[in-house]
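> the amino acid sequence is not available; the structure is as follows:
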């Protein structure tokens with residue numbers, strides 16, 4: 001298994017799951033309530049849902065493009081700016097859902113352009129905006145940064161949605177597993 005065939009399907013599956021969570025929220029709410037949902041937070045010092053969705057998107061795009069040693073698409077800067085401003089201006093539900101759709105499309109496109117093989121032990125420099133630089137291997141980057149950062153924001157969004165009363169469960173989280181269910185092994189509905 002290569003880093004490419006770990007990140008791309010993982011990001012794709014989980015971004016699609018997140019889109020499903022947002023769709024479920026939208027189906028249960030009036031449009032103005034869905035827009036207010038974008039400002040919901042788990043704690044006062046945490047980013048709101050609008051930011052968590054955008055930062056989940058950023059992590060997916062950065063991870064894939066960093067592995068490809070390619071420049072980030074302009075959407076990354078847009079998502080970062082919107083996410084940082086979302087505490088004061090969370091935007092609309094439709095804006096947030098559109099950004100997620102755009103990211104899913106870019107992940108699919110970028111996945112098709114990644115090199116088939118990358119040496120997991122090849123060096124990768126990861127610089128943060130505040131000046132910290134991590135010297136990692138590709139494998140360490142995927143395992144210790146790309147996936148944890150992605151899941152941090154993904155799970156914060158999931159938890160905010162659950163906290164607001166949206167009935168999400170494990171099936172919503174791992175919907176990508178349905179095709180793997182062995183026929184005849186699903187319990188009968190009660």
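Perfect, I can see it now. Values in this document were obtained by computation on a predicted structure and should not be read as measured data. Numbers count the residues shown, from 1 in each chain.

> list the helices and strands the longest helix along the chain packs on?
As assigned by DSSP state H, the longest helix anywhere in the chain is helix 3-28. Identification of packing neighbours for helix 3-28 by 3 or more C-beta pairs under 8 Å, 6 or more residues apart in numbering; DSSP states H and E yields helix 31-37, helix 49-67, helix 93-113, helix 147-163, helix 170-173. Glycine gets a C-beta too; all of them are placed from N, C-alpha and C.

> residue 85: which of those helices is closest?
The stretch from those with the least distance to residue 85 (C-beta to C-beta) is helix 49-67; that distance is 8.7 Å.

> what is the orientation angle of that closest one with helix 147-163?
Helix 49-67 and helix 147-163 meet at an angle of 160 degrees, taking axes from the mean of the first three to the mean of the last three C-alpha atoms, to 10 degrees as the criterion.

> next, the angle helix 3-28 makes with helix 49-67.
Put simply, helix 49-67 runs at 160 degrees to helix 3-28, going by the same axes, to 10 degrees.

> could you look up the next helix or strand downstream of helix 49-67?
Moving toward the C-terminus from helix 49-67, the next helix or strand (DSSP states H and E) is helix 74-85.
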